[in-house]
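1. sequence and predicted structure, then a few things I'm wondering about:
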Amino acid sequence: MEPSSTPHTLSLHLEDEDATVALAQQLAPLLCGQHPATITSGSGGRLHLRGELGAGKTALVRALLRAAGVTGRIKSPSYALLESYNVSNLYFYHFDFYRFSDAREWLDAGFRELMHEAAIVLIEWPEKAGELLPPPDLDILLEYSGSSRHAHLSAYSDKGRLWLTQLTPPHRP
Ligand SMILES: Nc1ncnc2c1ncn2[C@@H]1O[C@H](COP(=O)(O)OP(=O)(O)O)[C@@H](O)[C@H]1O
Ligand SMILES: [Mg+2]
């Protein structure tokens, strides 16, 4: 990963899926409030994942959930819209709005109520929910780069900016 950073954005080259997993492993303790930098902000946060089909949104979320201690099967929520997980006092909500068509679906399902402060909310295809979603703490856009990927991270809150400052590129051999 070669970082080119400004305070609110970070672009990374993710050579292979291992690099995506490494990024997810760095993000997990930040979102879970288990990183020293989050001692005052605590757990919880909202992550948006954008990019074409196959760009690696689910792969990143899956690795993040694994790193956070989720042990069972981690399904893509592309049909169910939402898969949720609980690890001790942490609550994870993984959405995929790809098939989302009607704004009322969102309101009817009461999803908004899940957006409590300490929840960890991971949303694929947030753009399909239009204006209904508040800005995330961190937005990750994944793009194809040959057989690799590029990740463009943008922070929209103090929490997101804090996370960005804590990400370190992996050591090169
Ligand atoms: N950094 C990467 N470089 C190359 N391939 C990757 C990388 N990250 C993930 N992949 C692969 O890309 C695919 C991503 O699929 P998936 O996560 O389901 O995409 P999405 O949820 O964005 O539609 C998987 O086959 C995964 O192994
Ligand atoms: Mg997906």
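-> All right, it came through fine. Ligands and ions are numbered 1, 2, ... in the order given.
2. okay, CA-based contacts and neighbour counts for the rest of this
-> Will do.
3. would you mind naming what in the protein lies close to ligand 1?
-> 14-17, 19-20, 52-59, 147-149 (Cα under 6 Å from any ligand atom).
4. are any of those residues buried, and which?
-> By neighbour count, with 16 or more other Cα atoms under 10 Å, the residues of the chain next to ligand 1 hold Leu14, Ala19, Thr20, Ala55, Gly56, Lys57, Thr58, Ala59, Arg149 as buried.
5. would JSON lines of these with pLDDT and secondary structure be doable?
-> Listed next are these as JSON lines, based on pLDDT from 0 to 100; DSSP: H, G, I helix; E, B strand; the rest coil:
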{"residue": "Leu14", "pLDDT": "97", "secondary structure": "strand"}
{"residue": "Ala19", "pLDDT": "97", "secondary structure": "helix"}
{"residue": "Thr20", "pLDDT": "97", "secondary structure": "helix"}
{"residue": "Ala55", "pLDDT": "98", "secondary structure": "coil"}
{"residue": "Gly56", "pLDDT": "98", "secondary structure": "coil"}
{"residue": "Lys57", "pLDDT": "98", "secondary structure": "helix"}
{"residue": "Thr58", "pLDDT": "98", "secondary structure": "helix"}
{"residue": "Ala59", "pLDDT": "98", "secondary structure": "helix"}
{"residue": "Arg149", "pLDDT": "98", "secondary structure": "strand"}
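6. the residues you listed into CSV, with extra columns for distance to Phe95?
-> Shown next, in CSV, are these (distance: Cα to Cα, whole Å):
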residue, distance to Phe95
Leu14, 23
Ala19, 23
Thr20, 19
Ala55, 16
Gly56, 14
Lys57, 11
Thr58, 10
Ala59, 13
Arg149, 22
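7. pretty sure Leu30 is touching Thr38, no?
-> Yes: counting by Cα atoms under 8 Å, Leu30 touches Thr38, with 6.4 Å between them.
8. between those two, tell me which one has more neighbours.
-> Leu30 (26 against 18; other Cα atoms under 10 Å).
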